[in-house]
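Peer 1: Let's see this in three dimensions:
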Amino acid sequence: MRMLKGAIVGFGEVARNGHWPAYAASREAEIVAVVDRTAERRKVAQESLPSVATFSTLEELAAGAEIDFVDICTPPALHGEPMLDALARGWHVLCEKPFLLDLSELEKVRSLARERGCAVVPVHNWKYAPIVRRATEILRAGAIGELRGVEIETLRVEDCAAADPDRPNWRRDPAIAGGGVLMDHGWHAIYLARQWFGAEPSEIHASLHRATPAGAEDEATLTLVFPSGQAKIFVTWRADVRRNTMRLFGERGEIAIDDDTLRVGDESIRFESALSAGSHHADWFASMLPDVIASFREPTLSLQAFEEAALCLSVIRRAYQPA
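Peer 2: A predicted model of the protein is given here:
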């Protein structure tokens, strides 16, 4: 089977430490180019990936390399333009979350992807964390009966530092990040709740904390009402500790995730790495990559993931609307 050739767009820490190691080990996809607007990060890419060509724009990339897909790792506000450009050229797209920030732009991407027969895949890597995958398997096996409730807490003491020297705190700038902690960490919680309930929420209730009226929210509580139960999501950059917990309540029991420990009934399973450990999650991305490649080879396989990302954006946009 032919090796797919791709380009990373935006060579920050996630690309360098989270995505690149998986491609380096893959026998189905390889990165042959890096596109980054800054000379500093192009130099880092050249030092890290000696065999990879570097470019400052997608136009230069198109003239200088033959590729099948792009992996977009830029700050959120810079996702849409390269995504549409890539699709117009017939390239498949993998894109970090938050996928897109504007619902109208999402519609343009959906339409163009359909027109060009290309796959567009969000990086929903939390589904591939070993402890989350095991919890999902246990739920699907019927161990706790029908799901009635989900509780997800993501506690952080601060937002994650950025690699861009011109925008070191872009995660707290709504113009670049699209929002705050809800757009950043809440995105993951929303698609997990959607996956576990297997439906879309009918009601959305949100409470946000902002240090300044015009600033990004640094804490958020979100309640999603599904046909068979509800999900309560709490995310914060104001915690005293860094930790992740998840609870799945069913008719016959509970599945609990306490960072690195999974509990079901009297059984307790300890995992090698905690959910809150690190931020690049190279092993999760490596587990996800075969499904991404399968979608590139058969674009219809990407539709479910795309609509999952569309739901995340819709929920967060509704949460940001004034009461």
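
Peer 1: Phi, psi for the residue nearest to R270 when sequence neighbours are not counted please.
Peer 2: Excluding the flanking residues, the one nearest R270 by Cβ to Cβ, 6 or more residues apart in numbering is T261, at 5.5 Å. C-beta here means a position set from N, CA and C on the backbone, and glycine is covered the same way. T261 adopts backbone torsions of phi -130, psi 130, taken as degrees, to the nearest 10.

Peer 1: and the helix or strand T136 falls within, what does it pack onto?
Peer 2: Using DSSP states H and E, T136 sits in helix 130-140. Contacts defined by 3 or more Cβ pairs under 8 Å, 6 or more residues apart in numbering; DSSP states H and E place helix 130-140 against helix 187-197, strand 243-250, strand 253-258, strand 261-264, helix 282-297.

Peer 1: Taking their axis directions, it and helix 187-197 sit at what angle?
Peer 2: With axes from the mean of the first three to the mean of the last three Cα atoms, to 10 degrees applied, the angle from helix 130-140 to helix 187-197 works out at 20 degrees.

Peer 1: Need the residues that contact helix 130-140.
Peer 2: Residues outside helix 130-140 that contact it (Cβ atoms under 8 Å, 6 or more residues apart in numbering): 126-127, 144, 147, 192, 195-196, 246, 248, 250, 255, 257, 260, 262, 264, 269, 271-273, 275, 283, 287.

Peer 1: picking up where we left off before, out of the helices and strands packed on helix 130-140, the one nearest G64 is which?
Peer 2: helix 282-297 (21.2 Å; Cβ to Cβ).

Peer 1: buried ones in that closest one?
Peer 2: Within helix 282-297, the residues scored as buried using 16 or more other Cβ atoms under 10 Å are A282, D283, W284, F285, A286, S287, M288, L289, V292, I293, S295, F296.

Peer 1: Repeat that for stretch 17-28.
Peer 2: For stretch 17-28, using 16+ other Cβ under 10 Å, the buried residues are N17, G18, H19, W20, A22, Y23, S26, E28.

Peer 1: swap in stretch 308-323?
Peer 2: So for stretch 308-323, counting by 16+ other Cβ under 10 Å, buried means E308, A309, A310, L311, C312, L313, S314, V315, I316, R317, A319, Y320.

Peer 1: Ok, stretch 6-16 next?
Peer 2: So for stretch 6-16, counting by 16+ other Cβ under 10 Å, buried means G6, A7, I8, V9, G10, F11, G12, V14, A15, R16.

Peer 1: quick one: the last one is in a strand?
Peer 2: Going back to what we said before, that points to R16. No - using DSSP: H, G, I helix; E, B strand; the rest coil, the assignment for R16 is helix, not a strand.

Peer 1: how close does it get to S268?
Peer 2: According to Cβ to Cβ, to the nearest Å, R16 stands 35 Å off from S268.
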